[in-house]
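Chemist: whatever this is, show me its structure:
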Amino acid sequence: MKRVELYQKVRHAVLIDGMSRRAAAAYFGINRNTVDKMLVFPEPPQHGRCGVTYSRKLAGFTEIIDQILIDDRTVHSKQRHTGGRIFERLRDEHGSPGASRLCESM
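Modeler: Next up, the predicted model:
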């Protein structure tokens, strides 16, 4: 069942048909808190983030990180970079000062 359709059915059952919130939760197989949220919002809320966000410390290195991730798409999954390995490369190859403190604790 689609999420928007479920919102409409729950709202119709509670607000128009007079079903209790607890009965609607049991009937549709969802939590009572979810029913309460569905009654507050007429449709499902959108996701909070859109687009890619980076830390200001990484502002000068975003192109390098993006290129590493693009290159990783062509290799076997076991050979891809981890977050720690990306920070090590930024520190060693590109002189990133933010990565050195993180990598020393590893």
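Chemist: quick one: buried residues of the helix or strand encompassing Val10?
Modeler: Assigned by DSSP states H and E, Val10 falls within helix 3-11. Burial within helix 3-11, assessed by neighbour count using 16 or more other Cβ atoms under 10 Å, is assigned to Leu6, Tyr7, Val10, Arg11. The C-beta positions use only the backbone N, C-alpha and C, and glycine is treated the same way.
Chemist: kindly report the same for stretch 28-42.
Modeler: Phe28, Thr34, Val35, Met38.
Chemist: what residues does it touch?
Modeler: Applying Cβ atoms under 8 Å, 6 or more residues apart in numbering, the external contacts of stretch 28-42 come out as Leu6, Tyr7, Lys9, Val10, Arg11, Ala13, Val14, Leu15, Arg21, Arg22, Ala24, Ala25.
Chemist: still on that earlier bit, which ones among the buried residues of stretch 28-42 lie within helices?
Modeler: With helices identified by DSSP state H, the entries of the buried residues of stretch 28-42 that belong to them are Phe28, Thr34, Val35, Met38.
Chemist: what is the neighbour count of Ala23?
Modeler: Counted with other Cβ atoms under 10 Å, the neighbours of Ala23 add up to 13.
Chemist: re the thing from before, tabulate the buried residues of stretch 28-42 (a markdown table), appending distance to Gln79 and pLDDT.
Modeler: Compiled in a markdown table, those are given as follows (distance: Cβ to Cβ, whole Å; pLDDT from 0 to 100):
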| residue | distance to Gln79 | pLDDT |
| --- | --- | --- |
| Phe28 | 45 | 94 |
| Thr34 | 42 | 91 |
| Val35 | 47 | 93 |
| Met38 | 45 | 91 |
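Chemist: before I go, just wanted to say thanks for your time.
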